[in-house]
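Visitor: model this:
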Amino acid sequence: MGEFRIANKFIEDIDYVVKKIEDELSQEEYSKILVLRESLLKLYRERRVKINHSVMELICAKFLVQTGFNVELEHELNSISTDIYAKKGFGSLIVEVETGFVPPTHALDPVNYLRARITSKITRYSAFANKFILATTPYYIMQIPPSLVKPPRFRTQEEINYIKTLCDQYYSNPPVSLEEIRNARLHSIYVVDVDNASIREWEVNEYMGKTALWNV
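Guide: Predicted structure coming up:
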């Protein structure tokens, strides 16, 4: 019975967001969102998604659909599951949603763990689309290594070695490659306001400047 109530709550929350954004969408855009709603419900039944993450994915999808992209959620790409994969014409982008969740196994090293998780996502995923974007909440300050904000040609060997060591502490199956680190790019940040079902897109250096005091 408890599991049934949780499932119902997931559907209610997703439908609340869908209803909230309906008036902002054309009929064609709204139809695409309904398809993504069904996709999320299927993924939930397969125990592959949770509500906080799914709501943020749906709001990001709305933003992308409105700008002409075709969107897929939890898309498998070269053995990697991306949160959002979107295409428009010959262009593609990947969005990875970061809520700042830390599992109990990393209660004693949360900052380093989160820094490694974000670093690993940028280095592993960014090669598979024209643009790679991180989406987060207004209340979570992401720990992004400054070297990954630079254009790849300005990344030093010392910085590459640091990123390799950081990622290997937590993600070694398979390990991130030096080539992936050399070529990794982060193109922008989506700050997702769930309360208002809206997004502000930040240029990466602007985000880093605003959060510099908290990036330790």
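Visitor: make it CA atoms for all contacts and neighbour counts henceforth
Guide: Noted.
Visitor: what sits against the most centrally placed residue in the chain?
Guide: Per CA atoms, centre = their mean, the C-alpha nearest to the average position across the chain is that of Glu96, at 1.7 Å. Contact analysis of Glu96 by CA atoms under 8 Å, 6 or more residues apart in numbering lists Thr82, Asp83, Ile84, Lys121, Ile133, Leu134, Ala135.
Visitor: Provide the secondary structure category for it.
Guide: Glu96 falls in the strand class when you classify it by DSSP: H, G, I helix; E, B strand; the rest coil.
Visitor: please tell me how far it sits from Asp15.
Guide: Glu96 is 22 Å from Asp15, where distance means CA to CA, to the nearest Å.
Visitor: same thing with Leu36?
Guide: For Leu36, the distance to Asp15 - CA to CA - is 11 Å.
Visitor: neighbour count: the two, which is higher?
Guide: Leu36 (19 against 14; other CA atoms under 10 Å).
Visitor: which residues are contacting the strand or helix carrying that one?
Guide: If you go by DSSP states H and E, Leu36 is part of helix 27-45. For helix 27-45, the external contacting residues (CA under 8 Å, 6+ apart) are 11, 14-15, 18, 22, 49-50, 54, 58, 61-62, 65-66, 72-73.
Visitor: so which strand or helix has Ile118?
Guide: Secondary structure from DSSP H and E places Ile118 in helix 110-125.
Visitor: which parts of the helix or strand bottoming out on mean pLDDT in the chain are buried?
Guide: Least confident helix or strand, the chain: helix 2-21 with a mean of 84, by mean pLDDT, DSSP states H and E. Neighbour-count burial for helix 2-21, counted by 16 or more other CA atoms under 10 Å, picks out Phe10, Ile11, Ile14, Val17, Val18, Ile21.
Visitor: that concludes my questions; thank you for your assistance.
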